[in-house]
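Participant: I would like the atomic coordinates for the input below:
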Amino acid sequence: MLRIENLHAEVDGKQILNGLSLDVKAGEIAAIMGPNGAGKSTLGYVLGGRPGYEVTKGSVLFDGRDLLALRPDERAAAGLFLGFQYPVEIPGISNVQFLRSALNAQRRARGEPEVSAGDFLRITREQADALGISMDMLKRNVNVGFSGGEKKRNEMVQMGIIDPRLAVLDETDSGLDIDALRVVGDGINRIMRKPDKAVLLITHYQRLLDLVVPDQVHVLAGGRIVRSGGPELALELEREGYGAMAA
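Facilitator: Predicted coordinates:
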């Protein structure tokens, strides 16, 4: 589903990614781990198409399409969802307004009919109930006044409604207490652990991987993948740290 080959990228003239290659197949959850400054968030932003992150070499294919040739909105319509480490607040726009506009914009881009108001509210209520978010909260402005855990659960509601094929989740566990972590982990499994979907899960810690068990774990250091393995690799990193792998 996702094939990254020899990817180089820079920010403000500083090289961050240095020949990163990675394959993620449909039905897989791939964890990206690594020390601070390794390029993990940069990888997510490059895939999402954030301005200022310039690809200088390499290629990214998503379902056989040249992802780097698409605008951010086209990437979203193609099925890519980017979850942020620090979800932003959007004053003046309610969650339900934002989500319905986003969902129908993507459906129009794919030539699909828009979702009616009734169907949208039904889908939204189902996703919100599963993630412990009240409908009253969804009527509030996007993330305004939300706690860290509420923002992350709200982002899972967004993912459930958008229903992407590939989710790139940047440190979704950041700032979560035990209960919120469990809710978010259950949400990732429920929404994305399916044969036609895939997840790129960027994280520092094993605790999320206890709930969302990855099919593969990759260590990113110095802007490239330096080691890959199964779930046992994350346990090794938890015990021993990055050590020589990050050197």
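Participant: quick one, strands of this protein?
Facilitator: All strands of the chain, identified by DSSP state E, fall at 2-11, 14-24, 29-33, 53-62, 65-66, 80-83, 90-94, 141-142, 166-170, 198-202, 216-221, 224-229.
Participant: Give me the mean pLDDT for the fourth one.
Facilitator: When pLDDT is averaged over strand 53-62, the result is 97.
Participant: tell me the angle of it relative to strand 166-170?
Facilitator: Inter-element angle recorded for strand 53-62 and strand 166-170: 140 degrees (by axes from the mean of the first three to the mean of the last three CA atoms, to 10 degrees).
Participant: Could you do the third one as well?
Facilitator: Going by the same axes, to 10 degrees, strand 29-33 is angled at 20 degrees with respect to strand 166-170.
Participant: Quick check: neighbours of strand 29-33 in the sheet, parallel or antiparallel?
Facilitator: According to DSSP bridges, strand 29-33 forms sheet pairs with strand 198-202 (parallel), strand 216-221 (parallel).
Participant: sorry, back to before: rebuild the strands of the chain as TSV, extending it with distance to residue 113.
Facilitator: All C-beta spots, glycine's among them, are computed from the backbone N, C-alpha and C. What follows is the strands of the chain, written out as TSV (distance: least, CB to CB, whole Å):
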stretch	distance to residue 113
strand 2-11	28
strand 14-24	30
strand 29-33	31
strand 53-62	24
strand 65-66	23
strand 80-83	21
strand 90-94	23
strand 141-142	25
strand 166-170	23
strand 198-202	26
strand 216-221	37
strand 224-229	41
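Participant: Mean neighbour count for these - can I get that in JSON lines?
Facilitator: Converted to JSON lines, those look like this (neighbours: other CB atoms under 10 Å):
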{"stretch": "strand 2-11", "mean neighbour count": "19"}
{"stretch": "strand 14-24", "mean neighbour count": "18"}
{"stretch": "strand 29-33", "mean neighbour count": "24"}
{"stretch": "strand 53-62", "mean neighbour count": "16"}
{"stretch": "strand 65-66", "mean neighbour count": "12"}
{"stretch": "strand 80-83", "mean neighbour count": "23"}
{"stretch": "strand 90-94", "mean neighbour count": "12"}
{"stretch": "strand 141-142", "mean neighbour count": "19"}
{"stretch": "strand 166-170", "mean neighbour count": "24"}
{"stretch": "strand 198-202", "mean neighbour count": "25"}
{"stretch": "strand 216-221", "mean neighbour count": "22"}
{"stretch": "strand 224-229", "mean neighbour count": "17"}
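Participant: Which of those sits closest to residue 44?
Facilitator: With CB to CB as the criterion, residue 44 lies closest to strand 166-170 of the strands of the chain, at 4.4 Å.
Participant: tell me what that closest one is packed against?
Facilitator: With contacts defined as 3 or more CB pairs under 8 Å, 6 or more residues apart in numbering; DSSP states H and E, the packing partners of strand 166-170 are helix 40-48, strand 80-83, helix 178-192, strand 198-202.
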